[in-house]
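K.L.:
Okay, predicted coordinates and the sequence, questions at the end:
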Amino acid sequence: MSSPSLSVFCSPSSQFSVCYPCCPGSQKVVSLMANYVGTFAHSFSKSSLCSNAKSVAGALKGQLIGCSKGGDATLLADIEASLATHSSGIDGLMDQIHCQIIQLNLGFVRAMFAIAAAASSHASNNNEWHALSAQFGQQISEIDSKCAEFGIVIAKVPFDGPKGDHSQRNVPGTDNVISMPGLTGSHKQ
C-alpha cells in the first residue's frame, strides 16, 4: 500500500503566506478534516477544547508526516513556522510554554480547517460541496468563539488561495474525495 500523496503549490508572492496544497493534496486535507467536523462544539470547557485540539493536531501531524509528496516537509513545516512567529505574551516560563502549546495546537487545527474550507468551496458549484465547506467554516467559527471566550489568542495562518478554475467540472463527489482522496479529479486528465 502506498502512502498518501500531498503536493504543495506556491506562487512567487507566497513569501508571507503558507503554500496551498495541490488538487490531490487539497483532497487529502478535506478527507482528513471531514473526520473532525463536530469536534469543537459550543459546550466544551477550556480543558476539553485544549485536549481535543492536542489530540486532533497530533493525529493530523501524524497523517501529514506519512504523505509521500511534501505533507511534512512543506505544509506542516510552513504552518508550524507561521504559528511559531505568534507569541503569547504570558508571564512565567511554565505558563508560557503551556499556553504556547495550546495556541500552536489550536492554530494548527484552525489552519487545517481553513484549507479544507477553501478546498471544498473551490471544488465545485454544487450544494454537496458548499455544505461541506460550511461545516469546515463552522468548526473555524467554533474554535474562534471558544478561544475568545477563554482568552486564548491564536494566529490565523495566511494562505495563498486554491489555483485553477473555480467551477471545476471533473471534481468527484464529497463521499469519493473523503474515502479516496486524490485518486480522481481534474488533475488526473
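P.N.:
Good, I have the coordinates.

K.L.:
Residue 156 - how many residues pack around it?
P.N.:
Neighbour count for residue 156, taken as other C-beta atoms under 10 Å: 14. Yep, even glycine has a C-beta here, placed from its N, CA and C like the rest.

K.L.:
That one belongs to a helix, doesn't it?
P.N.:
No: with DSSP: H, G, I helix; E, B strand; the rest coil as the criterion, residue 156 is located in coil rather than a helix.

K.L.:
which non-adjacent residue is nearest residue 18?
P.N.:
Nearest residue to residue 18 in three dimensions, chain neighbours excluded: residue 78, at 4.3 Å (C-beta to C-beta, 6 or more residues apart in numbering).

K.L.:
Name the next helix or strand following the helix or strand harbouring the one you found along the chain.
P.N.:
Assigning secondary structure by DSSP states H and E places residue 78 in helix 77-84. The element immediately downstream of helix 77-84 (helix or strand, assigned by DSSP H and E) is helix 93-123.

K.L.:
Return the list of helices and strands in contact with whichever helix or strand comes after that following helix.
P.N.:
Using DSSP H and E, the helix or strand that follows helix 93-123 towards the C-terminus is helix 127-150. Taking 3 or more C-beta pairs under 8 Å, 6 or more residues apart in numbering; DSSP states H and E as the contact definition, the neighbouring helices and strands of helix 127-150 are helix 23-34, helix 46-65, helix 93-123, helix 174-179.

K.L.:
State the mean pLDDT of the first one.
P.N.:
In other words, helix 23-34. Averaging pLDDT along helix 23-34 gives 81.

K.L.:
by how many degrees do it and helix 93-123 diverge?
P.N.:
Interaxial angle, helix 23-34 versus helix 93-123 (axes from the mean of the first three to the mean of the last three C-alpha atoms, to 10 degrees): 120 degrees.

K.L.:
Please name every helix or strand in contact with helix 23-34.
P.N.:
Helix 23-34 packs on strand 20-21, helix 93-123, helix 127-150, helix 174-179, going by 3+ C-beta pairs under 8 Å, 6+ apart.

K.L.:
one more time with 7 Å
P.N.:
Here helix 23-34 is seen to pack against helix 93-123, helix 174-179 when contacts are counted using 3 or more C-beta pairs under 7 Å, 6 or more residues apart in numbering; DSSP states H and E.
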